[in-house]
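Peer 1: Structure for this input, please:
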Amino acid sequence: MLAGSAARFLGTAQALTDDDLCQASALPGWTRAHVLTHLAQAADSRTGLLRAAQAGRVGRQYPCEQARADTIDAGARRPAAVIRADLHRAVQDCLTAIREHPRHLWDAPAIWLGAGRRPVRGAVTSLRRELEYHHVDLAAGYQPANWPDDFAATELSRVTALMNRRADAPPMTLSSPTALHIDTSPPVDVTGPPAALLAWLSGRSDGSGLHPDAAALPTLPPLA
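Peer 2: The predicted structure follows:
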């Protein structure tokens, strides 16, 4: 599953021309070069955590948010060929590190940016999220409808639970594979395909194609 997400993302990235990389992505303030640079660094950060665990150390994903942002901005200014080659290397290195990681070390701790001390096993699912979400963010033809069914279903449950715990979001529960109950006043039930619901919750869709049982969809805060 992870390998398939990686192969699809890398295929799209390699098909982008040098001019394409300079164009805006779907993320405000980021070009496609920023997205590819971010993915490469995200993969390298996870490789580092896994290798640290294998060496008996507790790795840190990034020094801080600002250092991460600065490195992405600098990396996005590199030549397009260098960006594409670095992305391919970083993703393949991470896939190798995951395949080679000893079974008994998956619960080894690491310091994750924004999440603190968590097991390194998060490298697998979080890298897939990076690949699938940012594939859409490249604005290069890959759409939420292209998300694999297993990814959309699993991630929809995770994001719904996350939103339900946020003080700035209306409480919501996943009431079936294709419906959300949002505890606004009055409550709203929203139905639609899992990928369409996930795209809306993650800020990658305005909710077109969803069916609320009210006049309009509720307003949601950004996922991140």
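Peer 1: Look up how far Asn164 lies from the closest residue to Gly48 other than its chain neighbours.
Peer 2: For Gly48, ignoring the flanking residues on the chain, the nearest one in space by C-beta to C-beta, 6 or more residues apart in numbering is Gly59 at 5.4 Å. In this view, the C-beta of every residue, glycine as well, is placed from N, C-alpha and C. According to C-beta to C-beta, to the nearest Å, Gly59 and Asn164 sit 31 Å apart.
Peer 1: And the two? Which one has more around it.
Peer 2: Neighbour count, other C-beta atoms under 10 Å: between Gly59 and Asn164, Gly59 has more, with 21 against 16.
Peer 1: Okay, now the unreliable bits of this protein?
Peer 2: The model of the chain has pLDDT under 70 over residues 176, 224.
Peer 1: rerun at 90
Peer 2: For the chain, the stretches flagged by pLDDT under 90 are 157, 160-192, 208-224.
Peer 1: how does it divide into domains?
Peer 2: Using automatic domain parsing, the domain parsing of the chain gives 2-142, 149-212.
Peer 1: which residues in the protein form strands?
Peer 2: With DSSP state E, the ranges of strands along the chain come out as 109-112, 116-119, 172-176, 179-182, 188-191, 211-212.
Peer 1: Turn those into a markdown table, including mean neighbour count and distance to Glu132.
Peer 2: Shown next, in a markdown table, are these (neighbours: other C-beta atoms under 10 Å; distance: least, C-beta to C-beta, whole Å):
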| stretch | mean neighbour count | distance to Glu132 |
| --- | --- | --- |
| strand 109-112 | 19 | 19 |
| strand 116-119 | 12 | 20 |
| strand 172-176 | 16 | 19 |
| strand 179-182 | 20 | 20 |
| strand 188-191 | 18 | 21 |
| strand 211-212 | 14 | 24 |
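Peer 1: wait, what's in contact with the residue nearest the centre of the chain?
Peer 2: With distances taken as C-alpha atoms, centre = their mean, the chain has Glu130 as the residue nearest its mean C-alpha position (2.9 Å). Glu130 is in contact with His38, Leu39, Ala42, Ala43, counting by C-beta atoms under 8 Å, 6 or more residues apart in numbering.
Peer 1: right, and the second one touches Arg89 too?
Peer 2: No: counting by C-beta atoms under 8 Å, Arg89 is not a contact partner of Leu39; they are 11.7 Å apart.
Peer 1: Can you pick out the residue with more neighbours from the two?
Peer 2: Using other C-beta under 10 Å as the criterion, Leu39 and Arg89 rank with Leu39 on top: 27 against 13.
Peer 1: ok, Leu217 - how many residues close by?
Peer 2: Other residues close to Leu217 by other C-beta under 10 Å number 16.
Peer 1: Please give me every residue in contact with it.
Peer 2: Neighbours of Leu217 in contact, by C-beta under 8 Å, 6+ apart: Val188, Val190, Trp200, Gly207, Leu210.
Peer 1: Settle this for me: the last one is touching Ala195, isn't it.
Peer 2: No: using C-beta under 8 Å, Leu210 is not in contact with Ala195; the gap is 11.0 Å.
Peer 1: Quick one: the helices in this structure, in order.
Peer 2: Along the chain, the stretches classed as helices by DSSP state H are 2-15, 18-22, 32-54, 65-75, 80-100, 122-137, 149-164, 194-201.
Peer 1: can you list those in TSV and add distance to Ile182?
Peer 2: As requested, these are exported to TSV (distance: least, C-beta to C-beta, whole Å):
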stretch	distance to Ile182
helix 2-15	29
helix 18-22	38
helix 32-54	30
helix 65-75	30
helix 80-100	36
helix 122-137	22
helix 149-164	9
helix 194-201	10
